[in-house]
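Student: what follows is a predicted structure for the sequence shown.
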There are 2 protein chains.
Amino acid sequence: MKTRKRRRLSPEERERQIVEGAIRFFAEVGFEGQTRELAKRLGITQPLLYRYFPSKESLIERVYHEVYIKRWQPHWESLIVDRRRPLQERLVTLYREYTQVIFNYEWVRIFMFAGLKGVNITERYLAIVQDKLFVPVCTEMRELAGLPSTAEVPLLPEELELAWDLHGGVYYLAIRKWIYNLPIPEDLSDHIERVVHSFIAGTPPTLRRLFAEKPLRQQHSAS
Amino acid sequence: MKTRKRRRLSPEERERQIVEGAIRFFAEVGFEGQTRELAKRLGITQPLLYRYFPSKESLIERVYHEVYIKRWQPHWESLIVDRRRPLQERLVTLYREYTQVIFNYEWVRIFMFAGLKGVNITERYLAIVQDKLFVPVCTEMRELAGLPSTAEVPLLPEELELAWDLHGGVYYLAIRKWIYNLPIPEDLSDHIERVVHSFIAGTPPTLRRLFAEKPLRQQHSAS
DNA sequence: ATTGTAATTTATCATTTGATTAAATTTGTG
DNA sequence: CACAAATTTAATCAAATGATAAATTACAAT
């Protein structure tokens, strides 16, 4: 057919090219995708893959690292707690930036493939999301609702659940689009604005009701 | 090792046993799961599978039919529009019954595997969900909000999006549990009660605002 | 007990697939 | 122009994988 002329790249460039091709490839077909097919799409031969990665599994590990570890933005964590700005604004900014990283074909599909496979990258990643994003968000919501700080009364599972719910609503849009292949609203930014607004408006009353129901929970175990 | 004595079943029984085993098996490992491994788990030999299903693909088709087509309950559709009961009660009942069908390991994981594979079962199924559940729900919400009926003013995409959001929030719990392997609140029934309550309370104002923004949309194209 | 049918197993085929190796080739740079 | 290194070619291995045909055996009817 075509056989474009052989191109000689520096090891760094070639490795990068393989990793990026692997991300696209595994996102499309899953991790059972064959090394021969990946090589074909890259326009290289299969043995060359093994010059750069000792095994398919090591290439997959690299894909995880590239997509989930390297793309995490530590400044998200400080953004949430920056009380110089209104909480609504912080949350809208956070979710706009966060979705800019994760709302794409590769991120969403590889994450799902990994979850189904039982690779612990998903559990580890979501533990970080909970620790670094949801917990601070809940802490700020306490403040907003005029309730005792988390230093005084530790977070309740129900509070975290509210953050998960906000997150889940947004993330389900990505699932609809890149996994179920369904249309979603064009303007994600508007959508985020709305759901955050509704979260800010709806959560404090819920929290206060929650605290009214379980008032003495912590005091008992402390004495 | 053990080799339990060969057991001879009636074709109907054996077929049922294979289908149920296949549902469990493919839900766990995905459709790349091997026929030999499936046979081993069933305690039969691999060629026997091919006596009951001409190909692996036909067995998979059967799994789809068994899990998604056969488990659909037509009475859900009439439940939604039964105006003798308050809407909140109808929605809570609907989601309790619906989750009773879909909140399980097999349903959630096979659906996700199929979605990733691009099998059109997911698109077809969700089109039904939208037509038979979301559209009627939106119609009822119009009534609740004191807005023109859908006969007078056709549904807006934004209205459907609100139903998707409710659905997505609930479904994301299932994803967390059976795909990400994370803990979720024990009492799903309570959770449904809460989110439906919040939906009933929060949606009518949103709808009215939506209608105030786009008042003449349909009249223009009609004249 | 015997028998016959059909359920089930045994054995096997042809591909696919991750991985390896050795030698040949070609690219780009000094 | 030469040469070191990147890349391909080609061959191959062993295990796995969907599928098939022929041999075996369970069990109900007689």
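Tutor: Alright, I've got the coordinates.
Student: use CA for all of it now, contacts and neighbours both
Tutor: Noted.
Student: with adjacent residues omitted, what lies nearest to A:Pro183?
Tutor: Of all residues not flanking A:Pro183 in the chain, A:Lys177 sits nearest, at 6.1 Å (Cα to Cα, 6 or more residues apart in numbering or on different chains).
Student: that neighbour: what secondary structure?
Tutor: Following DSSP: H, G, I helix; E, B strand; the rest coil, the label given to A:Lys177 is helix.
Student: surely it and A:Ile184 touch.
Tutor: Yes: A contact is recorded between A:Lys177 and A:Ile184 when judged using Cα atoms under 8 Å, the distance being 6.4 Å.
Student: residue contacts, A:Glu143?
Tutor: The neighbourhood of A:Glu143, defined by Cα atoms under 8 Å, 6 or more residues apart in numbering or on different chains, consists of A:Ser149.
Student: quick check: A:Gln46 touching A:Ala39?
Tutor: Yes: with contacts counted by Cα under 8 Å, A:Gln46 reaches A:Ala39, the gap being 5.2 Å.
Student: give me the more crowded residue out of the two.
Tutor: Between A:Gln46 and A:Ala39, counted using other Cα atoms under 10 Å in any protein chain shown, the more crowded position is A:Ala39 (19 against 16).
Student: SS state for that one?
Tutor: When classified by three-state DSSP, A:Ala39 comes out as helix.
Student: my read: it touches A:Thr45, true?
Tutor: Yes: because the distance of 5.4 Å satisfies Cα under 8 Å, A:Ala39 is recorded as touching A:Thr45.
Student: check the gap between A:Leu49 and B:Glu123 for me.
Tutor: Noted for A:Leu49: a distance of 36 Å to B:Glu123, by Cα to Cα, to the nearest Å.
Student: list the contacts of stretch A:95-104.
Tutor: Contact with stretch A:95-104 is made by A:Arg71, A:Val108, A:Ala174, A:Trp178, A:Ser189, A:Ile192, as judged by Cα under 8 Å, 6+ apart.
Student: mind running it again at 7 Å?
Tutor: The set of residues that contact stretch A:95-104 without belonging to it, under Cα atoms under 7 Å, 6 or more residues apart in numbering or on different chains, is A:Val108, A:Ala174, A:Ser189, A:Ile192.
Student: helix or strand for the last one, which one?
Tutor: Spelled out, that is A:Ile192. A:Ile192 is part of helix A:188-213, with elements assigned from DSSP states H and E.
Student: and if you look at the second one?
Tutor: Remark: A:Ala174 resides in helix A:157-178, with elements defined by DSSP H and E.
Student: can you list contacts of that helix?
Tutor: By Cα under 7 Å, 6+ apart, the list of residues contacting helix A:157-178 from outside reads A:103, A:105, A:108-109, A:134-135, A:138, A:182-184, B:165, B:168-169, B:172.
Student: from those, which ones fall inside helices?
Tutor: With helices identified by DSSP state H, the entries of the contacts of helix A:157-178 that belong to them are A:Tyr105, A:Val108, A:Arg109, A:Val135, A:Cys138, B:Asp165, B:Gly168, B:Gly169, B:Tyr172.
Student: can I get these in TSV including pLDDT?
Tutor: Rendered in TSV, the data for the ones in helices among the contacts of helix A:157-178 read as follows (pLDDT from 0 to 100):
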residue	pLDDT
A:Tyr105	98
A:Val108	98
A:Arg109	98
A:Val135	98
A:Cys138	98
B:Asp165	93
B:Gly168	96
B:Gly169	93
B:Tyr172	97
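Student: adding neighbour count, write these out as JSON lines.
Tutor: Below are the ones in helices among the contacts of helix A:157-178 laid out as JSON lines (neighbours: other Cα atoms under 10 Å in any protein chain shown):
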{"residue": "A:Tyr105", "neighbour count": "17"}
{"residue": "A:Val108", "neighbour count": "18"}
{"residue": "A:Arg109", "neighbour count": "22"}
{"residue": "A:Val135", "neighbour count": "18"}
{"residue": "A:Cys138", "neighbour count": "21"}
{"residue": "B:Asp165", "neighbour count": "19"}
{"residue": "B:Gly168", "neighbour count": "21"}
{"residue": "B:Gly169", "neighbour count": "21"}
{"residue": "B:Tyr172", "neighbour count": "20"}
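Student: now for the residues you listed: which two are most distant?
Tutor: For the ones in helices among the contacts of helix A:157-178, the maximum inter-member distance is 29.3 Å, found between A:Tyr105 and A:Cys138 (Cα to Cα).
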